[in-house]
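1. Need the 3D shape of this:
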Amino acid sequence: MKPNFLDEPHISVVNEPPKVRISAAAKVVVIIPYYNGAKFIKRSLDSVFSQTVRPDEVVVVNDGSRDDERDFLHSLVGSYPMKIIDKPNGGQGSARNLGVAQSTSEFICFLDQDDFYLPRHIEILKRALPRDEPKLGFVYADLHVGDAEGNILFMSTVKEHSPQNPKRSLIDLLQNDMFVLPSASIISREAYEAVGGFDEQFTGYEDDDLFMRMFRKGYSNHFVDKPVTVWCIHKESTSYSIKMARSRARYFTKLYVTYGDDPERGLYFFRDCLSPRFGRMFLQDAFKAAKSNSPARAEISEILRIFAGIVYANEHTGRRRKLKLRLAVFLFTRCPPWLVRLSRQALRFRFIRRRANW
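-> Predicted coordinates for the structure are as follows:
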């Protein structure tokens, strides 16, 4: 099915409105997926329960943690008035979906176990909710980036990495990561349920997928130009695991199937959006796995080969681009690690740089 551009969702930029524009009685739930997160969970919970506007519900979903990690979480119930749900491991998306299903509040805030809210997170996002908007989707804000200990590395990340805020264009959403983080957003339950929540096949990109589907259904999005969360990135994060590479491949496949090239309308979604965006990342993954001789090299190489096969078959992709891709695929999937490392300085492939147009 070809995309329809006739209905553009309502959008706005909000610089912390001067007064509350939605009923103060509107309820908010905070949902935290938990998986072997004893190291971080108290910091996250402290940030929730020290909010200037307290949530009406707090639900922590234990997603199949080890027994000792589960027991630690349950030991915190006396200190924090929260609801704990235990479930078999199914991934962060399934944990979030279950938390929503077991709550009743009109608005939903998520928090990853290793992140934490700034003190006015709920207050700021709730104040930015427009009144009487028939298809209210979500409000999202900027955020700090921190390390595992919560020390700040960058004061702002959304504006630095996302070219368009709020979201106005499908082209932008296909060309770039959205940088709408669940931990820095407040979401209408109506919109969330209308699109079926998180797609549980993903263990990475599930947030882009969710907000993309809301956008496509015509739900509004609003941006608050103010940090509300600390996003902690470290080596234990999903972003650093093979799970992210697998999920990236699944998300690319979903978008590729949904948004094919449409020459009659001059829209080349694969050639101009999906191929440059995901190709760069597949190449980077394969390059890193090859030079370090990672145990995951075979799997990551197969992901790259599958992507390359789609590029080779695409009639709208130029021969030069295909030739350069063939060279990179051969090098990164078949050559020994020493040769890949040696070629790093000599080749300087343009297509593994951040904004390459390979």
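2. pLDDT below threshold where in the stretch 101-250 of the chain?
-> Scanning the stretch 101-250 of the chain for pLDDT under 70 picks out the ranges 236-240.
3. let's see it at 90
-> Low-confidence segments of the stretch 101-250 of the chain (pLDDT under 90): 131-134, 159-160, 162-163, 233-243.
4. That one: helices as residue ranges?
-> Along the stretch 101-250 of the chain, the stretches classed as helices by DSSP state H, counting those that start in this stretch are 121-127, 158-161, 170-175, 189-194, 206-216, 242-258.
5. Mind putting those helices into TSV with mean neighbour count?
-> C-betas here are computed from N, CA, C, even on glycine. What follows is the helices of the stretch 101-250 of the chain, written out as TSV (neighbours: other Cβ atoms under 10 Å):
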stretch	mean neighbour count
helix 121-127	22
helix 158-161	14
helix 170-175	18
helix 189-194	17
helix 206-216	22
helix 242-258	18
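6. Which one of the ones you listed lies nearest to V100?
-> Nearest to V100, of all the helices of the stretch 101-250 of the chain, is helix 189-194, at 6.4 Å by Cβ to Cβ.
7. who does that closest one touch, helix- and strand-wise?
-> Under the contact criterion of 3 or more Cβ pairs under 8 Å, 6 or more residues apart in numbering; DSSP states H and E, helix 189-194 touches helix 92-101, strand 107-110, strand 136-146, helix 206-216.
8. Reformat these as JSON lines; add distance to R305.
-> Below are the helices and strands packed on helix 189-194 laid out as JSON lines (distance: least, Cβ to Cβ, whole Å):
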{"stretch": "helix 92-101", "distance to R305": "27"}
{"stretch": "strand 107-110", "distance to R305": "35"}
{"stretch": "strand 136-146", "distance to R305": "33"}
{"stretch": "helix 206-216", "distance to R305": "24"}
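9. quick one on the thing from earlier: minimum distance to S103: which of the helices of the stretch 101-250 of the chain has it?
-> Closest approach to S103 among the helices of the stretch 101-250 of the chain is made by helix 189-194 (8.6 Å; Cβ to Cβ).
10. Quick one: residues in contact with that closest one.
-> The contact list for helix 189-194 (Cβ atoms under 8 Å, 6 or more residues apart in numbering) reads 100, 105-108, 135-138, 210, 214, 217, 219.
11. quick one: which of these is nearest to E315?
-> Using Cβ to Cβ, the contacts of helix 189-194 come closest to E315 at K217, 31.3 Å.
12. Would you mind listing the residues in contact with that closest one?
-> K217 touches 191, 194-195, counting by Cβ under 8 Å, 6+ apart.
13. That one and L181, how far apart?
-> Per Cβ to Cβ, to the nearest Å, K217 is found 20 Å from L181.
14. Quickly list the domain ranges of this protein.
-> With domains defined by automatic domain parsing, the chain comprises 11-236, 241-352.
15. Three-state assignment for I85, please.
-> strand (DSSP: H, G, I helix; E, B strand; the rest coil).
16. The helices of the stretch 101-250 of the chain: which one's closest to E149?
-> Judging these by Cβ to Cβ, what sits closest to E149 is helix 121-127, at 19.6 Å.
17. Give me the helices and strands touching the closest one, please.
-> Using 3+ Cβ pairs under 8 Å, 6+ apart: helix 121-127 touches strand 28-34, strand 107-110, strand 136-146, strand 185-188, strand 220-232.
18. Dump those into CSV; add mean neighbour count and distance to A313 as well.
-> Formatted as CSV, these follow (neighbours: other Cβ atoms under 10 Å; distance: least, Cβ to Cβ, whole Å):
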stretch, mean neighbour count, distance to A313
strand 28-34, 25, 38
strand 107-110, 25, 38
strand 136-146, 24, 36
strand 185-188, 24, 37
strand 220-232, 23, 35
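19. Which among those is found nearest to V77?
-> With Cβ to Cβ as the criterion, V77 lies closest to strand 28-34 of these, at 12.8 Å.
20. tilt between the closest one and helix 92-101?
-> Strand 28-34 runs at 150 degrees relative to helix 92-101, counting by axes from the mean of the first three to the mean of the last three Cα atoms, to 10 degrees.
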